[in-house]
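S.K.: Pasting a predicted model and its sequence here:
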Amino acid sequence: MTEPESSRSRPEGAYDVFLSFRGEDNRKTFTDHLYTALVQAGIHTFRDDDALPRGEEISHHLLRAIRESKISIVVFSKGYASSRWCLNELVEILKCKNRKTGQIVLPIFYDIDPSDVRKQTGSFAEAFDKHEERFEEKLVKEWRKALEDAGNLSGWSLNDMANGHEAKFIKEIIKDVLNKLEPKYLYVPEHLVGMDRLSRKIFDFLSTATDDVRIVGIHGMPGIGKTTTAQVVFNQLCYEFEGSSFLSDVNERSKQVNGLVPLQKQLLHDILNQYVANFDCADRGKVLIKERLRRKRVLVVADDVAHPDQLNALMGDRSWFGPRSRLIITTRYSSLLREADQTYQIEELKPDESLQLFSRHAFKDNKPAEDYIELSKKAVDFCGGLPLALKVIGALLYRENKDRWESKIDNMSRIPNHDIQGKLLISYHALDGELQRAFLDIACFFIGIEKEYVAKVLGARCCYNPEVVLETLRERSLIQFHVCIIEDERLLSRTGRTVTMHDLLRDMGREVVCNASPLLLGKRTRIWNKDDAWNVLDHQKGTDVVEGLALDVRASEVKSLSTGSFAEMKFLNLLQINGVHLTGSFELLSKELMWLCWHECRLKYFPSDFALDNLAVLDMQCCDLKELWEGKKILNKLKILDLSYSWNLIKTPNLHSSGLEKLKLEGCSSLVEVHQSIGNLTSLVFLNLDGCCSLKILPESVGNVKSLKTLNISSCSQLEKLPERMGDMESLTELLADGIENEQVLSSIGQLKHVRWLSLCGNSWAPPSSSLISAGVLNGKPWLRLKRLELSNAGLSDHATKCVDLSGLSALEVLDLSRNKFSSLPFGIGFCPKLWSLSVYECEYLVSILDLPSSLECLVASHCKSLKRVRIPSEPKKELYIELFDSYSLEEIQGIEDLIYFFWDFTVEAHSHSRNKLPKSVVEVLFLSVSLAQK
């Protein structure tokens, strides 16, 4: 079976909208106005009478235009049914929809009742009386069925909306079309096989128009295609909802410390697409999800769920989501799906489907090469209909000659059919030694870890470029890169990539390690299980075979070990001992360490006999260290040094390294000295000093670090000045200085010419003051490169804003003024020609929002309790999103009638009393958009 067409990309140049209508009825009136509005909104639209001659049959060009369009808009008018041409178009349009190509059909009922279309009454009855005399019964029945189906679709009726005003009616149509065109698709492989049948069943069940919140469960064995099926259905449905979120790898991600909270934040961020209040407790996340999403019609997928607590944190009750929401759960445990309205079990692929999927990976084609057919069938039989095995084995045999095929298939034939891991193991054995080592390192220690961090460790361990290693493993279908939200309390969350691996492949890799020494734990190359690691260390069973060991006892009582436990591990490269207290001579530890992760280390100083020369990553968060070491150390192989939240650390080490790229000192509240040797870190790109509240000066040598791109000095409340030469650092493009009050420091910031992201927010322990204004940072300086400026809780009052001039920020794109105390916006915002995002969240005294630039796309003004007046920018370039939760004093919104398209987020129940305050024209548009959103 071929892949569901929804997973395919459309040809370049395909249309956004196909417009079908009866030309004689409204070509020069309504349809012409609609077509013009679509084009002006940047929507690539095909109008069916555009220079195409009419004939008895639909032409090839017209068929192609219909099939390649993302949305078909059908304008039903009184004369529509009299046109055979229109009826044939409608039949083809609905065929595309029913094929699950992802095409959306939007009917418009122009001066006609939907029931006339559905039942063929009125003028439609007259037309069909004539059709039945002229055409075959089969064709007429096909037309009737198409009209009945189209009449049942959710659409737009001129008589029921905008009080019959065509201009407002067209604006609402444009708004809906643009919303559906917004890219929301997940990436799925281009050539899926065997999923069309099941995904269609799930789609049909979830797309049924009922007001209840429906839950679907997808279950099956590992590697069978649960996640991919959910992705396909998500892509087919996501445009039908106000918001959507796909939460991948729930089980693995929730195992991280406080792991459910980032998942909850992603859910809120995906659906709301704007500022999400910071929280660090899953119970608080539950409350926020219910509060913010209970009126929204959403689509949510929780992928790979393994425990009830995970479901309770993400979709604890149907009441958390608005009517007609749809929830999908994938799991290998059917017992978790008791609350589901419908469950679907994924079965193994059929033989012909298996051969096709295998061929896609082995030959990059839908079928095997002629002289490889029999060999391909043998390989497919070996995989047993398991998609993961078919992909991995297919990728293994790609570009291999026939002799190699025969040899590998002969080896496969000796593995029992039920041994899934044994089948996957073939691909592991095909890797060379360096790639095998990297695969096992990831399987045992680095699943769910940031790709950049993993690359630094692997780069120390192998001879190849680590980026090439990771990409090769990905191409072999052995690992994946998962895009995730990195926690960020600011308006825009950052994204990063973590390294992930299918559970089956992880278990297979770990089984490789175990099988090398089934009984003797100390003779395994890698020890990742906590109980096994403790057993080996406590009884000193380690040997020179051990390359990596991970032990995390932070959640239990502090455990002490002698360094003698490591004495025999001469070639230990990877070591994690979080929460462990070591005693004895550190000379006994391996001199080959490349990764040391030792959170909550109880040492006050690093012993002088601890060999660190080969370290690439030294991760010492939350330690008791006062100093790392005495004297000078040269560690040219070190790439990352993380001492975050080491509260007793007094000064940074005398460190010389040509390779160090990241130095993290966040939360080191006792730090008073940054050693001047920092100027010798010629590769340093990231320096985080956030929360170093005892630090008074930075050495002048910081100005020598020409490679530095990101500097965070937030909450360095005692900092007195910045090095003079920092103004010449061309690479310094990101500066975070939240909570800084010292005028001299702020004045120095004003000299930084190349900064693109500047954050000068206040915080809870640094009360707002006028220092920011006194230092002259915002008094009209031409920050020619600044793109993002954050001034949340910066103490900006009306008195302060009189001294603020933002007109020189010609490159500014994002501005955050949340939680300030002014009643009107600072001067100059209207002169920022590239500004697209403005947040004034929780500005309690803000009365009016005026003089906005036409480039604005997003305005967040929720919880502005005094806000009365908003003026929409004239001639906005793009769509505009406005959020006004709990801004209940609102009286006037100027210019809203002129918008072609806008989003509106507004709580009806909380603001119903505002209806009488707003002008009638605004009320019509505002509450119309709210009612549509709720439908």
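M.R.: Noted; the coordinates are in hand. Residues are numbered from 1 along each chain as shown.
S.K.: For the rest of this, base every contact and every neighbour count on C-alpha atoms.
M.R.: OK.
S.K.: Show me the domain layout of the protein.
M.R.: Recorded structural domains for the chain (assignment: automatic domain parsing) are 5-181, 196-345, 351-429, 433-511, 784-935.
S.K.: Tabulate these (TSV), appending mean pLDDT.
M.R.: Output for the domains of the chain, formatted as TSV (pLDDT from 0 to 100):
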stretch	mean pLDDT
domain 5-181	79
domain 196-345	88
domain 351-429	85
domain 433-511	83
domain 784-935	75
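S.K.: mind putting the ones you listed in a markdown table, distance to Leu520 included?
M.R.: Shown next, in a markdown table, are the domains of the chain (distance: least, C-alpha to C-alpha, whole Å):
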| stretch | distance to Leu520 |
| --- | --- |
| domain 5-181 | 48 |
| domain 196-345 | 28 |
| domain 351-429 | 22 |
| domain 433-511 | 14 |
| domain 784-935 | 56 |
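S.K.: is it possible to export these to JSON lines including mean neighbour count and distance to His754?
M.R.: Formatted as JSON lines, the domains of the chain follow (neighbours: other C-alpha atoms under 10 Å; distance: least, C-alpha to C-alpha, whole Å):
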{"stretch": "domain 5-181", "mean neighbour count": "17", "distance to His754": "34"}
{"stretch": "domain 196-345", "mean neighbour count": "19", "distance to His754": "27"}
{"stretch": "domain 351-429", "mean neighbour count": "19", "distance to His754": "46"}
{"stretch": "domain 433-511", "mean neighbour count": "18", "distance to His754": "21"}
{"stretch": "domain 784-935", "mean neighbour count": "19", "distance to His754": "6"}
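S.K.: Can you tell me which of those is nearest to Leu684?
M.R.: When the domains of the chain are compared by C-alpha to C-alpha, domain 433-511 sits nearest Leu684, at 14.0 Å.
S.K.: quick one on the thing from earlier: which one of the domains of the chain lies closest to Leu582?
M.R.: Across the domains of the chain, closest to Leu582 is domain 433-511 (C-alpha to C-alpha), at 21.4 Å.
S.K.: quick one: that closest one to chain centroid distance?
M.R.: 17 Å (C-alpha atoms, centre = their mean, to the nearest Å).
S.K.: cool, and stretch 333-343?
M.R.: For stretch 333-343, the distance to the chain centre is 27 Å (C-alpha atoms, centre = their mean).
S.K.: ok, which stretches of the stretch 151-300 of the chain are strands?
M.R.: 156-157, 214-219, 243-247, 298-302 (DSSP state E, counting those that start in this stretch).
S.K.: In JSON lines, list those along with distance to Trp598.
M.R.: Formatted as JSON lines, these follow (distance: least, C-alpha to C-alpha, whole Å):
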{"stretch": "strand 156-157", "distance to Trp598": "62"}
{"stretch": "strand 214-219", "distance to Trp598": "39"}
{"stretch": "strand 243-247", "distance to Trp598": "30"}
{"stretch": "strand 298-302", "distance to Trp598": "33"}
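S.K.: Which one of those strands lies nearest to Gly79?
M.R.: Here strand 156-157 is closest among the strands of the stretch 151-300 of the chain (C-alpha to C-alpha), at 16.1 Å.
S.K.: Direction included, what does that closest one pair up with?
M.R.: strand 104-109 (parallel) (DSSP bridges).
S.K.: List the contacts of the partner strand.
M.R.: With contact meaning C-alpha atoms under 8 Å, 6 or more residues apart in numbering, strand 104-109 is reached by 70-77, 93-94, 97, 150-151, 153-158.
S.K.: Which ones among those residues lie within helices?
M.R.: Ile93, Leu94, Lys97, Ala150, Gly151 (DSSP state H).
S.K.: could you measure the fourth one against His269, distance?
M.R.: When you say that, I think you mean Ala150. For Ala150, the distance to His269 equals 35 Å [C-alpha to C-alpha, to the nearest Å].
S.K.: Equivalent analysis for Val250, please.
M.R.: As judged by C-alpha to C-alpha, Val250 and His269 stand 16 Å apart.
S.K.: do Ile896 as well
M.R.: From Ile896 to His269 the distance is 26 Å (C-alpha to C-alpha).
S.K.: hang on, the earlier thing: for Gly750, which of the strands of the stretch 151-300 of the chain is the nearest?
M.R.: The nearest among the strands of the stretch 151-300 of the chain, by C-alpha to C-alpha, is strand 243-247 at 40.4 Å.
S.K.: Contacts made by that closest one with the rest, please.
M.R.: 234, 238, 263, 266-267, 270-272, 296-303.
S.K.: same check, this time on stretch 67-77
M.R.: 10-11, 14-22, 25, 31, 66, 90, 93, 96, 102-112, 117, 177, 181.
S.K.: do the same with stretch 568-577
M.R.: 461, 542-553, 589-599.
S.K.: end-to-end on it?
M.R.: Start and end residues of stretch 568-577 are separated by 17 Å (C-alpha to C-alpha).
S.K.: Stretch 116-135 now?
M.R.: Taking C-alpha to C-alpha, the first and last residues of stretch 116-135 lie 21 Å apart.
S.K.: Tell me which residue of this protein is furthest from the middle?
M.R.: Glu133 (57.5 Å; C-alpha atoms, centre = their mean).
S.K.: any idea how far that residue is from Val140?
M.R.: From Glu133 across to Val140, the span is 10 Å (C-alpha to C-alpha).
S.K.: Val305 now?
M.R.: 50 Å.
S.K.: Likewise for Phe606?
M.R.: Distance from Phe606 to Val140, by C-alpha to C-alpha: 87 Å.
S.K.: before we move on, what about Tyr645?
M.R.: 76 Å.
S.K.: mind listing what Leu618 touches?
M.R.: So Leu618 contacts Trp595, Leu596, Cys597, Leu638, Ile640, Leu641, Asp642 (C-alpha under 8 Å, 6+ apart).
S.K.: need those in TSV with pLDDT, can you?
M.R.: Below are the contacts of Leu618 laid out as TSV (pLDDT from 0 to 100):
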residue	pLDDT
Trp595	98
Leu596	97
Cys597	97
Leu638	96
Ile640	96
Leu641	96
Asp642	96
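S.K.: can you pull out the helices in the stretch 501-650 of the chain?
M.R.: 503-516, 530-538 (DSSP state H, counting those that start in this stretch).
S.K.: what's next to the last one, contact-wise?
M.R.: Read that as helix 530-538. With C-alpha under 8 Å, 6+ apart, helix 530-538 has contacts from 521-522, 527, 541-542, 549-553, 561, 565-566.
S.K.: What of the longest one?
M.R.: Outside helix 503-516, the residues that touch it by C-alpha under 8 Å, 6+ apart are 222-223, 421-422, 424-425, 439-440, 443-444, 478, 524-526.
S.K.: three-state assignment of Gly739?
M.R.: coil (DSSP: H, G, I helix; E, B strand; the rest coil).
S.K.: All the helices of the stretch 751-900 of the chain, residue numbers only.
M.R.: Under DSSP H, counting those that start in this stretch, the stretch 751-900 of the chain gives helices at 771-774, 798-801.
S.K.: what does the average pLDDT come to for the first one?
M.R.: Along helix 771-774, the predicted confidence averages to a pLDDT of 59.
S.K.: Also stretch 574-590?
M.R.: pLDDT averaged over stretch 574-590 gives 94.
S.K.: ends of it, how far apart?
M.R.: 10 Å.
S.K.: now do stretch 599-613
M.R.: 20 Å.
S.K.: again with stretch 746-758
M.R.: 12 Å.
S.K.: Now do it: distance to the chain's middle.
M.R.: Counting by C-alpha atoms, centre = their mean, stretch 746-758 comes out at 30 Å from the chain centroid.
S.K.: before we move on, what about stretch 208-227?
M.R.: 21 Å.
S.K.: And it, end to end?
M.R.: 22 Å.
S.K.: contacts for it?
M.R.: 202, 206, 230, 303-304, 318, 321-334, 337, 339-348, 386-389, 502-504.
S.K.: Among those, name the ones in helices.
M.R.: Ile202, Leu206, Ala230, Pro387, Leu388, Ala389, Asp503, Leu504.
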